[in-house]
Structure formats: structure tokens, C-alpha cells
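Novice: What follows is a predicted structure for the sequence shown.
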Amino acid sequence: MERFTISLDDRLAEQFDAWMAQRQYANRSEAVRDLLRAELGRTRLSSAAGKHCVACLSYVFNHHERDLAERLTALQHDHHDLTISSMHAHLDHDHCLETVILRGQTAQVSAFADALCAERGVHHGKLNIISVDLHEPHGAAAARSRGAHGAPHVHLKPST
């Protein structure tokens with residue numbers, strides 16, 4: 001592990017310590033590591049290196065909106081190659097919260113999220129994207145990336 005020293009003016013150090021306390025960081029090193037990972041991840045996603053991702057799309061919708069639940073389900077089925085899983089929760093008589101776990105090419109995942117959130121009756125859509133590197137699984141030379149059912153697959157390693 002490498003070490004480096006940074007200097008902060010007193011006001012910035014106070015603000016950083018307050019930010020750390022609010023988020024319950026045990027020390028400055030872990031807080032700085034997380035800030036660096038987040039910024040490097042944002043930079044990676046905007047470059048060619050951030051071609052693949054995993055993502056969490058959460059949104060609230062009014063389930064009384066005409067045919068909306070069916071449209072949302074149809075969109076997920078139309079993009080079954082991106083959609084890993086979804087969870088549905090009832091918030092009140094009118095509103096539901098859904099969270100959809102996605103994976104794929106970053107541009108396709110973002111376009112899917114934009115299309116879903118643009119549906120009439122969808123509110124508060126938020127996409128959290130994590131850049132990943134694609135890796136063949138262990139023993140891939142012998143198995144040639146075959147999963148339990150013989151289907152090709154790759155491992156998604158979060159970019160660091």
C-alpha cells in the first residue's frame with residue numbers, strides 16, 4: 001500500500017472531518033479512498049474504458065396510471081439482456097417503488113434507464129452506475145467460459 005500526504009487549509013479540514021463524521025468514516029484514509037474511487041469511476045464512465053457497467057435503477061411510479069405497470073414490465077422484457085433482477089414495493093395506495101439491477105454496455109444501460117424514467121407516471125428515477133471490467137471465469141481455458149448450464153458467461157469485476 002502506498003502512502004501520501006496532503007495539506008489542507010484549516011477550514012477545508014474541518015469541513016472534511018464533518019463530512020466524514022456524518023457518513024461515519026473511521027478515518028481519513030478510507031474517506032479519501034472512497035472519494036478517489038468515486039471520482040475515478042465517474043471519469044472512467046465518461047471514457048471508452050467505461051464501456052461496461054452494473055447499475056441500480058430506482059424509481060417511483062403511480063400504479064393507477066393507465067397501463068404503466070404493463071409498459072414498465074414490457075420494457076424490462078424487451079431489454080432482458082440488460083435486466084438482472086427487479087424488486088417492487090408498495091409505498092401507499094397510489095405509489096410503488098421499483099429497483100432494477102442492470103448490467104451491460106454503459107450506453108445501453110443508460111438509454112434503457114432514460115426510456116423507462118421517461119414513461120408517463122414514473123417519478124424520481126435515479127440511476128447509479130458502477131464501471132466494471134470483464135473477466136473470463138477461473139479455469140476458462142478448459143471450460144471456455146461455460147456456466148452451470150453450458151451458457152457462456154463472464155465475470156464482472158468492479159473497476160478500481
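Specialist: Cool, got the structure.
Novice: Show the average pLDDT along stretch 3-11.
Specialist: For stretch 3-11, the mean per-residue pLDDT is 87.
Novice: Likewise for stretch 108-119?
Specialist: Mean predicted lDDT for stretch 108-119 stands at 93.
Novice: List the buried residues for that stretch?
Specialist: 108-110, 112-113, 116-117, 119 (16 or more other C-beta atoms under 10 Å). The C-beta positions use only the backbone N, C-alpha and C, and glycine is treated the same way.
Novice: Out of those residues, name the ones that lie in strands.
Specialist: Judged by DSSP state E, strands contain none of the buried residues of stretch 108-119.
Novice: So which of the residues you listed are in helices?
Specialist: Those of these mapping onto helices are 108-110, 112-113, 116-117, per DSSP state H.
Novice: any idea which of those is closest to residue 132?
Specialist: residue 109 (10.9 Å; C-beta to C-beta).
Novice: Residue 59 looks like it's in a strand, true?
Specialist: Yes. Assessed by DSSP: H, G, I helix; E, B strand; the rest coil, residue 59 belongs to a strand.
Novice: Name the nearest residue to it, sequence neighbours excluded.
Specialist: residue 125 (4.0 Å; C-beta to C-beta, 6 or more residues apart in numbering).
Novice: what do you get for residue 106?
Specialist: Residue 106 sits nearest to residue 53 (C-beta to C-beta, 6+ apart), 4.5 Å away.
Novice: can you check residue 81 too?
Specialist: Closest to residue 81 by C-beta to C-beta, 6+ apart is residue 104, at 6.5 Å.
Novice: does that neighbour count as helix, strand or coil?
Specialist: Per three-state DSSP, residue 104 ends up strand.
Novice: Isn't it up against residue 82?
Specialist: Yes. Using C-beta atoms under 8 Å, residue 104 makes contact with residue 82 at a distance of 4.5 Å.
Novice: contacting residues around stretch 3-22?
Specialist: 28, 31-32 (C-beta atoms under 8 Å, 6 or more residues apart in numbering).
Novice: Could you rerun that using 6 Å?
Specialist: With contacts defined as C-beta atoms under 6 Å, 6 or more residues apart in numbering, stretch 3-22 is touched by residue 31.
Novice: Kindly report the same for stretch 117-132.
Specialist: Contacts for stretch 117-132 (C-beta under 6 Å, 6+ apart): 41, 44-45, 50, 52-62, 65, 68, 71, 113, 156, 158-159.
Novice: Ends of stretch 4-17, what's the gap?
Specialist: This stretch, stretch 4-17, spans 18 Å end to end (C-alpha to C-alpha, to the nearest Å).
Novice: Thanks again, I'm all set now.
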